[in-house]
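Novice: Using only what follows, build the 3D model:
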Amino acid sequence: MRPLTDEETLTFFKKLSKYIGKNIQYLLKRPDDEKWCFRLHKDRVYYISEKMMLMASNFERKKVLSMGTKFGKFTHSGKFHLHVTCLDYIAQFSLYKVWLKPSAEMTFLYGNHVYKAGLQKMTENTPQYAGVVIFNQHDTPLGFGISAQTTAYTQESEETAIAVLHQADLGEYLRDE
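Specialist: Numbers count the residues shown, from 1 in each chain. Below you'll find the model as predicted:
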């Protein structure tokens with residue numbers, strides 16, 4: 001368990017800022033005055049309170065499986081992939097949101113892209129290829145993805161056009177385990 005290097009921090013924050021923009025500062029400077037940080041352990045980035053980190057440092061690295069909330073992992077090529085476990089934090093601070101119709105929820109949770117026919121509403125002025133968080137009609141976060149087109153273009157497109165490219169969803173727990 002170690003702090004991220006400058007290069008790793010830059011790569012991680014670039015990926016995270018696609019979804020929450022400058023709201024990253026709220027993850028580090030929390031209103032409850034407890035200090036939180038990001039730590040790297042076995043190529044995975046964890047979001048952990050400093051108090052918990054100090055407790056975890058009492059154990060050998062080999063014996064620590066995980067600590068805190070896993071935000072994602074670095075690939076062998078140095079790219080960063082967000083994991084669905086960070087969805088609660090991304091959903092709080094997301095810049096762009098998409099709400100699904102009940103009929104489209106299951107298709108998304110099975111790992112498919114979101115079509116325009118399945119959209120209930122979409123945040124205004126969403127740019128193309130921006131990170132979006134996907135909610136059901138009851139404002140429960142289901143996953144996140146990348147907007148395939150701008151909001152204006154999506155509203156004018158056909159019902160069969162892809163609106164959001166799938167990245168991660170809550171159904172991954174069932175499919176991967």
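Novice: contacting residues for Ile20?
Specialist: Leu27, Ile90, Phe93, Ser94, Leu95, Gly131 (Cβ atoms under 8 Å, 6 or more residues apart in numbering). All C-beta spots, glycine's among them, are computed from the backbone N, C-alpha and C.
Novice: any idea of the mean pLDDT for the longest helix seen in the chain?
Specialist: Counting by DSSP state H, the longest helix found in the chain is helix 6-20. For helix 6-20, the mean pLDDT works out to 93.
Novice: What residues sit buried inside that helix?
Specialist: Counting neighbours by 16 or more other Cβ atoms under 10 Å, one finds that the buried residues in helix 6-20 are Glu8, Thr11, Phe12, Lys15, Leu16, Lys18, Tyr19, Ile20.
Novice: and what of stretch 135-145?
Specialist: Phe135, Asn136, Pro141, Leu142, Gly143, Phe144, Gly145.
Novice: Mind listing residues that contact it?
Specialist: For stretch 135-145, contacts defined as Cβ under 8 Å, 6+ apart pick out 19, 82, 84, 87-88, 90-91, 94, 97-102, 105, 108-109, 113-114, 120, 131-134, 164-171.
Novice: So which bits of the lowest-mean-pLDDT helix or strand in the chain are buried?
Specialist: None of the helices or strands of the chain scores lower by mean pLDDT, DSSP states H and E than helix 172-176, at a mean of 73. Residues of helix 172-176 classed as buried: none (neighbour count, 16+ other Cβ under 10 Å).
Novice: Not counting it itself, show me its contacts.
Specialist: Contacts for helix 172-176 (Cβ under 8 Å, 6+ apart): Val84, Gly111.
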